[in-house]
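Asks: Okay, predicted coordinates and the sequence, questions at the end:
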Amino acid sequence: MELDVVSLSRLQFALTAMYHFLFVPLTLGLSILVAIMETVYVMTDRPIWREMTKFWGTLFGINFVLGVATGITMEFQFGMNWSYYSHYVGDIFGAPLAIEGLMAFFLEATFVGLFFFGWDRMSKLGHLAATWAVAAGSNFSALWILIANGWMQNPVGASFNPATMRMEIDNFFEVVFNPVAQAKFVHTVSAGYVTAAIFVLGVSAWYALKGRHIALARRSMAVAASFGLLSSLSVVVLGDESGYLANEHQRMKLAAMEGMWETEPAPAPFTVIGFPDSAARETHHAIQIPAVLGLIATRSLNTELPGIRDLVASAEQRIRSGIIAYDALQKIRAARGVEAAGPEVREAFEANGRNLGYAYLLMRHVADPRQATDAQISAAAWDTVPPVAPLFWSFRIMVGLGFYFIVLLGVFFWLSARQRLTQHRWLLHVAVWSIPLPWIAAEMGWLVAELGRQPWIIEGVLPTAIAVSSLGIAEVALTLAGFVLFYSVLFVIEIGLMLRAIRKGPPASADLAATLPAGAAIPRGAQPAE
C-alpha cells in the first residue's frame, strides 16, 4: 500500500472500525440473552435466574460502555478524514445515522440505567420491560447503521444533482427498505447472537471445568446452546441471501470472493479451496463443487456468472460512458445550470449520468478524465477489481467457522436435552478455546463486505480515492498513531475488566439460591461451590 493520504485514511478507518466491531456483536447478542434470562426469572421466580441476569448483564455493561466510546469516534471520522464523502452524500448517509441516535441509541442509553439500578426500585415486569427495551435499542441501532452501510453497497432511492454537485434523496423508503441493507441487518445481528452464545457457552464451560457456579453454568449453557444453534442456522440462510444479492448488485465482489477470473458456464461451481494469483490473473489448484455457486448466486441452473475479465471489460465501457457524462457536467457547471447548457448537453448527461462515478476512477491516472488515453482507461477498469486473495481467504475462513459453530452448538444442544452438559470435559475445553472464534469470523465478514466494495466508497457512484479530506500525510499519520495508542489502552482495559468480572463470578449466593424454593432466605455467609 502506498503511503498517501487515501491509504492512511483507509487504514485509520479500517483499524477503528474493526476495533469497534469487537464490541458490537457481543452487545447485540448479550442484550437478547440477558432479556431471555430475566424473562425466565419473572416466569419462574427462581433466584438463580435473577443472579444469571445480573452476572451476564454486568459483562454486557462493560462491553456496552466501551462500544459506545469507540462508536462515537467512528462518526467523527466522516467529517475529519472523509469530508468530500460527507459533502457528496451527507444528505442521504446522515439521515439513518441521525435516526439511529434519536430512535435507538437514546432508547438504549436511557433504559440501560434502569436495568442496572432499578432492580429494587421497579416491579419485576417493569424491570423486564426495561431490559427488553435495552435489547430493542441495541438491535434498532444496528438496523439504522446497516441501512446507511447498505446504501453504500447499493445506492438506491437517490440521484445526482448537477446543480449542487451532490447526491440527494429521491425516495427515503427505498433507502430504508434497500434489500441489501435488510439482508445485512439480519445476517449481522444473527452473527452477533452466535458470538454471544459462544461467549456464554465458553465462560460457562470454564466454570464447569473449575467446579464453580455449576447451577449457573448449566443453565447458561442450555440457554446459549439453544439460542446459538438457531442463530447459527439463520446466519447460513442469510449468507445465502447475501450471495444472491451480491450477484444482483455487486458482481465484481462476488467474482473476487470466488477467484473467478473467467465467466463460468451455468451453473457455476463453488471453489472450496484454491490459490488466487492476481499477477497471473488466475486461480491455481482450485478444488470445486459443481453447480453450488450458480444455485446460490442465481437460484437457477441456466444463468451464467460473469468472471473478473468480462466484468473489467464492462467497466471499461462504463468508464467511456462516464467520460461523456463528465464532459456534459463540466459544460453544465460552466453554463451555471442544466437549462442554460442546452438540450444536447442535458440529454448527454441524462443518458450517461449513471456512469459518472466510473469517470472519476480515471482521476488516479489523469487530472482531467476527458484527456485519458486508452491505456489509462484500461488501467482504471482493472482498478475495479478488489484485492482477490484477501477476499477469497476471508470469505472461506468466515464460512468454515460458521459451519463449525453449527456443529459445536448442535452438540451442546443435544447434551443439554439429555442433561449431560458437564460429562465430557474435552468438549468443555473445546467450548472455552472457541470463545475467540466468532470475533475472527465477524472481522472476516467485515473485510469481505468492505474490502470487496473497493475501489468504491459508494458502489458505482464515488471512488474512495476522491472521497478523502484535504489533509496532509503528517496530519493523518499523527491521528492514526493517536488512535492506535488510545484504542490499545481501551483494549487492555476491556480485557482486564471482563476477566476480572468472570473470575469474580456471580454473587456468592447464586449456586445456593438455585437449590432453594422461591422466596426462601439464603443463610448468611453462604459461599459458592468451588
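Replies: Sure, I can see it. Just so it is clear, the structure is predicted and the values come from calculations on it, not from any experiment.

Asks: Going by neighbour count, which residues of the longest helix along the chain are buried?
Replies: Identified as the longest helix of the chain according to DSSP state H is helix 214-249. Residues of helix 214-249 classed as buried: 214-229, 231-235, 238-247, 249 (neighbour count, 16 or more other C-beta atoms under 10 Å). (Glycine included, C-beta is placed from N, CA and C.)

Asks: May I see the buried residues of stretch 437-447?
Replies: 437-439, 441-447.

Asks: Tabulate these (CSV), appending distance to Leu361, pLDDT and secondary structure.
Replies: Shown next, in CSV, are the buried residues of stretch 437-447 (distance: C-beta to C-beta, whole Å; pLDDT from 0 to 100; DSSP: H, G, I helix; E, B strand; the rest coil):
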residue, distance to Leu361, pLDDT, secondary structure
Leu437, 38, 95, helix
Pro438, 36, 93, helix
Trp439, 34, 92, helix
Ala441, 32, 91, helix
Ala442, 30, 89, helix
Glu443, 28, 89, helix
Met444, 27, 91, helix
Gly445, 26, 88, helix
Trp446, 24, 87, helix
Leu447, 22, 88, helix
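
Asks: A strand includes Thr283, no?
Replies: Yes: under DSSP: H, G, I helix; E, B strand; the rest coil, Thr283 sits within a strand.

Asks: quick revisit: which other helices and strands contact the longest helix of the chain?
Replies: helix 24-44, helix 47-80, helix 179-210, helix 251-258, helix 292-298, helix 388-417, helix 510-515 (3 or more C-beta pairs under 8 Å, 6 or more residues apart in numbering; DSSP states H and E).

Asks: Need the CA coordinates for stretch 141-151. PDB is fine.
Replies: C-alpha atoms of stretch 141-151 as PDB (Å, rounded to 0.1, in the frame of the first residue of the first chain):
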ATOM      1  CA  SER A 141     -29.100   0.800  16.500                       C
ATOM      2  CA  ALA A 142     -27.600  -1.900  14.300                       C
ATOM      3  CA  LEU A 143     -30.600  -1.600  11.900                       C
ATOM      4  CA  TRP A 144     -30.100   2.100  11.100                       C
ATOM      5  CA  ILE A 145     -26.300   1.900  10.900                       C
ATOM      6  CA  LEU A 146     -26.700  -1.000   8.400                       C
ATOM      7  CA  ILE A 147     -29.200   0.900   6.400                       C
ATOM      8  CA  ALA A 148     -26.600   3.600   6.000                       C
ATOM      9  CA  ASN A 149     -23.900   1.000   5.200                       C
ATOM     10  CA  GLY A 150     -26.300  -0.900   2.900                       C
ATOM     11  CA  TRP A 151     -26.900   2.200   0.900                       C
END
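
Asks: now what about that stretch, what contacts it?
Replies: Applying C-beta atoms under 8 Å, 6 or more residues apart in numbering, the set of residues contacting stretch 141-151 from outside is 24, 28, 92-93, 96-97, 99-100, 103-105, 108, 157-158, 175-176, 178, 180-182, 184-185, 188-189, 192, 449, 458.

Asks: Tell me what angle the longest helix of the chain forms with helix 47-80.
Replies: Relative orientation of helix 214-249 versus helix 47-80 (axes from the mean of the first three to the mean of the last three C-alpha atoms, to 10 degrees): 30 degrees.

Asks: average pLDDT across helix 214-249?
Replies: The average pLDDT within helix 214-249 is 83.

Asks: and that helix with helix 179-210, angle?
Replies: 160 degrees.

Asks: Could you check the angle helix 214-249 makes with helix 251-258?
Replies: 130 degrees.

Asks: Any idea which of the helices and strands packed on helix 214-249 gets closest to Arg10?
Replies: Comparing the helices and strands packed on helix 214-249 by their distance to Arg10 (C-beta to C-beta), the top pick is helix 47-80, with 11.0 Å.

Asks: Any idea how many residues pack against Ser434?
Replies: Applying other C-beta atoms under 10 Å, we find 19 residues neighbouring Ser434.

Asks: Run through the residues that contact it.
Replies: 198, 201-202, 404, 408 are the contacts of Ser434 under C-beta under 8 Å, 6+ apart.

Asks: Repeat the analysis, applying 6 Å as the threshold.
Replies: 198, 202 (C-beta atoms under 6 Å, 6 or more residues apart in numbering).

Asks: Read off the pLDDT value for it.
Replies: In this model, Ser434 carries a pLDDT of 92.

Asks: same deal with Ile522?
Replies: 34.

Asks: i'd like the first residue to be 56 from this point on
Replies: Yep, numbering from 56; the last one is Ile577 now.

Asks: where does this structure have low pLDDT?
Replies: Applying pLDDT under 70 to the chain picks out residues 56-58, 295-296, 299, 563-585.

Asks: try 80
Replies: Along the chain, the parts satisfying pLDDT under 80 run over 56-59, 122-134, 156-164, 292-304, 348-355, 391-397, 476-478, 526, 562-585.

Asks: Spatially nearest residue to Gly515, not counting backbone neighbours?
Replies: Once flanking residues are discounted, Gly515 sits nearest to Gly412: 5.5 Å by C-beta to C-beta, 6 or more residues apart in numbering.

Asks: My read is that that neighbour contacts Val516, right?
Replies: Yes: in this structure, Gly412 is within contact of Val516 by C-beta atoms under 6 Å, at 4.4 Å.

Asks: For these two, indicate the residue with more neighbours.
Replies: Set Gly412 next to Val516 and count neighbours by other C-beta under 10 Å: Gly412 wins out with 24 against 20.

Asks: got a list of what that one touches?
Replies: For Gly412, counting by C-beta under 6 Å, 6+ apart, the contacting residues are 515-517.

Asks: where does it land in three-state SS?
Replies: Per three-state DSSP, Gly412 ends up helix.

Asks: now Ala321
Replies: coil.

Asks: Burial check on it, number of neighbours?
Replies: Other residues near Ala321 come to 14 when the count uses other C-beta under 10 Å.

Asks: shouldn't it be in contact with Asn357?
Replies: Yes: counting by C-beta under 6 Å, Asn357 is a contact partner of Ala321 at 5.0 Å.

Asks: So the residue lying closest to Gly134 once chain neighbours are set aside versus Trp481, what's the distance?
Replies: The shortest distance from Gly134 to any residue other than its chain neighbours is 5.6 Å, reached at Ser141 (C-beta to C-beta, 6+ apart). Note on Ser141: its distance to Trp481, by C-beta to C-beta, to the nearest Å, is 53 Å.

Asks: So for these two, which residue has more residues nearby?
Replies: Ser141 (18 against 7).

Asks: Report the secondary structure element holding the more buried one.
Replies: helix 138-154 (DSSP states H and E).

Asks: ditto for Arg373
Replies: Judged by DSSP H and E, Arg373 forms part of helix 363-390.

Asks: Tell me what angle that helix forms with helix 443-472.
Replies: 110 degrees.

Asks: just checking, what packs against helix 363-390?
Replies: For helix 363-390, the packing partners by 3 or more C-beta pairs under 6 Å, 6 or more residues apart in numbering; DSSP states H and E come out as helix 306-313, helix 393-396, helix 398-407, helix 411-415, helix 429-437.

Asks: re the thing from before, how near is the residue nearest to Gly515 to Thr428?
Replies: Applying C-beta to C-beta, the value for Gly412 to Thr428 is 20 Å.
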